[in-house]
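Student: Here's my sequence, what's the structure:
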Amino acid sequence: MALPDTINHQDFLLSLDTSKEPVVVEALPGVDVWPLFLDPENGVWVLRARFKPGTTLPKHFHTGVVHFYTLSGTWHYLEYPDQPQTAGCYLYEPGGSIHTFHCPADSEGTDGFMVVEGANINFHDGEFVNVMDAGWIEQAVLAAAKAQGLGVPRYIKPGQGARYSRD
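Tutor: The predicted model follows:
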């Protein structure tokens, strides 16, 4: 079988080094973010995130799947306190799952990598708060970066002629 013709020619690889890219501090309360891939059109967001000790995210319902790899630190879902996620843990979350992310106050914080499809439907005390999807994440990260004087963070924008958000 012959090698197929190139469907999408690449002049260069789309690659990001988070050790060289600035972090957007407090992109969400208690969460520093390196945006890597944001695709509002297809509902996919890929982030490296650093969660500060004591951070608890709103309880949320996932409309799609999540892949989360813990790089360092420890965290757990309040609903599953006996199943902490520590450095080296990979977690798969099916669409339709509901839980509350928590990074213990007595920890060093958590650094993780996530691929999220769809949205988080967020709740507080059982009441709807908001829908957090790739478009919402992109707007929150851009607003936080602007407020910090960072300009537009560098992340990958997919689509025909995939590119960086800025050069």
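Student: Against which helices or strands is the host helix or strand of Asp32 packed?
Tutor: Element membership for Asp32 (DSSP states H and E) is strand 31-39. Counting contacts by 3 or more CB pairs under 8 Å, 6 or more residues apart in numbering; DSSP states H and E, strand 31-39 is packed against strand 24-28, strand 44-51, helix 134-147, strand 156-157. C-beta here means a position set from N, CA and C on the backbone, and glycine is covered the same way.
Student: Sheet partners, orientation included, of the helix or strand of the chain with the lowest mean pLDDT?
Tutor: Across the helices and strands of the chain, mean pLDDT, DSSP states H and E gives its lowest value to strand 163-164, namely a mean of 86. Paired neighbours of strand 163-164 in the sheet (DSSP bridges): strand 156-157 (antiparallel).
Student: in the protein, what spans have low per-residue confidence?
Tutor: 6-9, 160-161 (pLDDT under 70).
Student: measure His102 to Gln83 for me?
Tutor: 12 Å (CB to CB, to the nearest Å).
Student: Find the residues that touch each one of these two.
Tutor: Common contacts of His102 and Gln83, defined by CB atoms under 8 Å, 6 or more residues apart in numbering, comprise His76, Tyr77.
Student: Residues in contact with the strand holding Asp32: which ones?
Tutor: Contacts for strand 31-39 (CB under 8 Å, 6+ apart): 16, 18, 21, 23-27, 44-52, 55, 57, 134, 137-138, 141, 144, 153, 155-159, 165.
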